[in-house]
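Student: would you be able to build a 3D model of this:
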Amino acid sequence: MNRSPDRLNLDHLKKQAKELIRLYRSRDPAAIARFRHALPAAVGRSDQDISFLQFRLHDAQSCIAREHGFASWPDLKQYVEVQMAVRNERAARVLHWAQLIYSGDVSGAANRANPRVALRILADDPELVAGDPYLACAIGDEDALRRATQADPAWTNRPGGPLRLPPLFAVAHSSLLRVEEFRGRLHRCAQLLIAAGADVNQHIYSRWPPGSLNEPDQRYPLSTLYGAAGSNHDPALTRLLLEAGAGPNDGESLYHSLENPACTRLLLEHGARIAESNAIYRSIDLEDDTALRLLLQHGGDPNEPALNKPLAGWGSPLAWAIYRRRPRHVNALLEAGADRFRPTADGISPYRLALQFGLSEVAALLREGEPDVTDEERFVAACARGDETEARAIRSRRPDLPASLSPAQLRLLPDMAAAGADDVVKLMVRLGWPITVRGGDWDASALNLAVFRGDAALTRFLLEHGADWTEQHGHGDNACGTLGWASCNEPVEGGDWVGCACALLDHGMPRATAMPNDPDWVLVAGMRKRFSDEVTEELLVRGV
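Tutor: This is a model prediction of the structure:
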C-alpha cells in the first residue's frame, strides 16, 4: 500500500487506471494479481475467474484507490484535489479540512461531508488542528476543550474557527460522530461544554446556496439539535441535548431524523410538533414504516394536508403512500383513521389510484362503496400489475387504448420507470403507450428516469422503441444532462451509467469532444457537460 501523498497526481492516477484496465483486458498476470490483492470481488479467485469478471475502468480506479489506502476512487480523487489546492497555504488547508468534516449547509461548500478523507488528511498532518479549540470540537479533543474553557469560560458560547461555529454546535454537527472511534469522544465533549454553560440551542444560519459562509441565508436557522438528530442521526447525543433543554421544534430535526426512528422517538417524547413539519409525507418516502407509525402514535394526522405544491396534488398521505407503492404505510394510515375517500387534485379516489398503480390488495381494502371501474381503469390496472393477457383482452375491444387515457393515467409510464418496474414499463410500451409522456417527481420522461437510475437495459429498450435522447425534463435539460448528473452523483446504488451512455450513443446521441483547457468537462452537441470519468471515457473514445 502506497500512502505517500507527495506522489499523488490526479492526471497520473487516471492514466494509471486506464493502463491497468488495458493490461487486465489483455490478461496480464501482474494486472490480474493487483485486482486480486485490492478488490474484495476478486480475492481468492484464480486468474481465469478474475478475467471472466469483466472489470471496467471504475474497477481499475477502485483498485488504485485501495492500493493507496482509500475506500473508493471518489475518496482518493477528493483527497488529491484538496492536497493540490492548498499544498502551501495552511489557512486554506484548514478550511478545506473543515469543509470535509461538515455538511454543505454548515460549511458553505458544495460537497458532502467526507469524514474518511478528512481523517486521512489528519493522519498525514496531525498538527493540522493543533492550537484551535474550535477544530478540537470537530475531532472530540476533550483536553483541548477543557483548557480553552478554563482559560476563558465565555468561549463556550462564542462562534469561532474557520467556519465560525459555536463550540457545542461544532461538536453536534461533526461528521466524525458517524465514526465509532470518535463517537464517544464527541459525546464527552458535548457533556463538558453543557456543564460549562454552553447554550444547547446554539445555532447558525444555512450557508447552502443562495447562502454562503460569508453571507448565510437568514431564512433557515440550523440548530445544534439538528446536527445530532437530523444530520448525524445520533440517539445518544440527541437525548443528551434534549434532556439539557434543547428545543425540539427547530423546523429541521424531526423531518431529518426519520431515517433513524430512535432519534424520531426521542424528539416526539420531548414534544416535537408533527403538524406542518411535512414529516408524515417524508416518512412515506422511506421503505420502512417504523417512522410513520411513530408519528401516527404520537398524534400525527393521517389526513394532514401537504405543505408543498408537488405533494399537495396528491391530496392526502394515503394517496401519496399509494403513489409511492407502500402497502404497509397504507395499512398504517388506514389503521390511524385516514380518509379512504379523499380524492387527489385530479379527482381520483384512493381506490382507483390503487388500481392505477397495480396495488390489488390495497384496492381490495378500499373498494367498499366505490362504483364499478371503467375500461380505461381496468386497462391501466392490468398494465400496472403486469397482466398482459388482461390488458390485451381489454384493448381488443377498445383499440383506442392507451391513446385515449387521461393525462393523469398516461403519467403512469414515467412513474413506473421511476419505481424501477421495468417489466411493467416494457409491457406498457409494447401496448402503445406514448413513450415521451412526462411525470414522476421531476417531470421527466421514462427515458430520463431510466438513465437517472443507471438502468441500462431499460434505457436501451426505450430507445429501441422510439425514445430520443433529446427528451426534456423538468430541470431544463435532456437525457444527456441526466446522464451527466447521475453518473457523477450515483443516486442509485449499482447503476450502470456506462451502459446507459452506450445505449444513447447507439441511438443518435453525438459522442463527446474534449475541452483541452478544461479537462473535467466535454462538449456534447455543442453543450458543455460533465460526466463520471468512466462515462467520459466512453463518450470520447466511441467512434474514434
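
Student: from now on I want contacts and neighbour counts done on CA atoms only, so please keep to that.
Tutor: Noted.

Student: residue contacts, the residue nearest to A382 when sequence neighbours are not counted?
Tutor: Once flanking residues are discounted, A382 sits nearest to A391: 5.3 Å by CA to CA, 6 or more residues apart in numbering. Residues near A391 by CA atoms under 8 Å, 6 or more residues apart in numbering: 378-380, 382-383.

Student: repeat for H473
Tutor: For H473, the contact set (CA under 8 Å, 6+ apart) comprises 438, 442-445, 448.

Student: how about T149?
Tutor: Taking CA under 8 Å, 6+ apart, we find T149 in contact with 155-156, 196.

Student: make CSV from those and add neighbour count to it.
Tutor: CSV is the format used below for those (neighbours: other CA atoms under 10 Å):
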residue, neighbour count
W155, 21
T156, 22
A196, 17
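
Student: closest one of the residues you listed to E287?
Tutor: T156 (40.3 Å; CA to CA).

Student: ok, the closest residue to that closest one other than its chain neighbours - how many residues close by?
Tutor: Among residues not flanking T156 along the chain, A198 sits closest, at 5.2 Å (CA to CA, 6+ apart). A198 is flanked by 22 other residues according to other CA atoms under 10 Å.

Student: from the chain's centroid, how far away is the worst-scoring helix or strand of the chain on mean pLDDT?
Tutor: Confidence across the helices and strands of the chain bottoms out at helix 309-312, with a mean of 77, counting by mean pLDDT, DSSP states H and E. Per CA atoms, centre = their mean, to the nearest Å, the displacement of helix 309-312 from the mean C-alpha position of its chain is 21 Å.

Student: any idea which helix or strand comes after that helix?
Tutor: helix 317-323 (DSSP states H and E).

Student: now that next one: average pLDDT?
Tutor: For helix 317-323, mean pLDDT is 96.

Student: quick one: the helices in the stretch 201-350 of the chain?
Tutor: 224-225, 235-243, 253-257, 261-269, 279-285, 290-297, 309-312, 317-323, 327-335, 350-356 (DSSP state H, counting those that start in this stretch).

Student: deepest in the core, which of the ones you listed is it.
Tutor: The highest mean neighbour count among those, using mean count of other CA atoms under 10 Å, belongs to helix 224-225: a mean of 30.

Student: now D105: which helix or strand?
Tutor: D105 is part of helix 104-107 when elements are defined by DSSP H and E.

Student: any chance of the helices of the stretch 201-350 of the chain in JSON lines, plus distance to I32?
Tutor: Output for the helices of the stretch 201-350 of the chain, formatted as JSON lines (distance: least, CA to CA, whole Å):
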{"stretch": "helix 224-225", "distance to I32": "49"}
{"stretch": "helix 235-243", "distance to I32": "45"}
{"stretch": "helix 253-257", "distance to I32": "44"}
{"stretch": "helix 261-269", "distance to I32": "44"}
{"stretch": "helix 279-285", "distance to I32": "42"}
{"stretch": "helix 290-297", "distance to I32": "45"}
{"stretch": "helix 309-312", "distance to I32": "50"}
{"stretch": "helix 317-323", "distance to I32": "47"}
{"stretch": "helix 327-335", "distance to I32": "47"}
{"stretch": "helix 350-356", "distance to I32": "50"}
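
Student: for L165, grab phi and psi.
Tutor: When read as degrees, to the nearest 10, the backbone of L165 gives phi -110, psi 140.

Student: could you find the closest non-adjacent residue to it?
Tutor: L165 sits nearest to P159 (CA to CA, 6+ apart), 4.6 Å away.

Student: isn't the one you found right next to L168, touching?
Tutor: No: the pair P159 and L168 does not pass the contact test of CA atoms under 8 Å, sitting 9.7 Å apart.

Student: neighbour count: those two, which is higher?
Tutor: L168 (31 against 19).

Student: gap between stretch 28-41 and the chain center?
Tutor: Counting by CA atoms, centre = their mean, stretch 28-41 comes out at 31 Å from the chain centroid.

Student: I meant to write stretch 218-236 there.
Tutor: Its chain's C-alpha centre and that of stretch 218-236 lie 18 Å apart, by CA atoms, centre = their mean.

Student: same question for stretch 430-445.
Tutor: 23 Å.

Student: which residues of the stretch 51-200 of the chain score low on pLDDT?
Tutor: Residues of the stretch 51-200 of the chain that meet the criterion pLDDT under 70 lie in 86-88.

Student: gap between the residue of the chain most remote from its centre and A391?
Tutor: The centre of the chain is farthest from one residue, R397, which by CA atoms, centre = their mean lies 44.5 Å away. Computed as CA to CA, to the nearest Å, the R397 to A391 distance reads 11 Å.

Student: sorry, back to before: can you name the element that comes right after the helix holding D105?
Tutor: Taking DSSP H and E, what comes next after helix 104-107 is helix 115-124.

Student: now L449: which helix or strand?
Tutor: helix 446-452.

Student: and that helix, how far out from the chain's middle?
Tutor: 16 Å.

Student: quick check: A229 vs L222, distance?
Tutor: In terms of CA to CA, A229 sits 12 Å off from L222.

Student: just the CA atoms of stretch 400-415, as CSV, please.
Tutor: Written as CSV, here are the backbone C-alpha positions of stretch 400-415 (Å, rounded to 0.1, in the frame of the first residue of the first chain):
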residue,chain,number,x,y,z
ASP,A,400,-58.4,3.4,-28.8
LEU,A,401,-56.4,2.5,-25.6
PRO,A,402,-54.0,3.6,-24.4
ALA,A,403,-54.1,6.8,-26.6
SER,A,404,-57.5,7.9,-25.1
LEU,A,405,-56.3,7.7,-21.5
SER,A,406,-56.4,10.8,-19.3
PRO,A,407,-53.1,12.8,-18.8
ALA,A,408,-53.0,11.5,-15.2
GLN,A,409,-53.3,7.9,-16.3
LEU,A,410,-50.7,8.4,-19.0
ARG,A,411,-48.2,9.6,-16.4
LEU,A,412,-48.1,6.0,-15.1
LEU,A,413,-45.4,5.2,-17.6
PRO,A,414,-42.7,7.5,-16.2
ASP,A,415,-44.0,6.8,-12.7
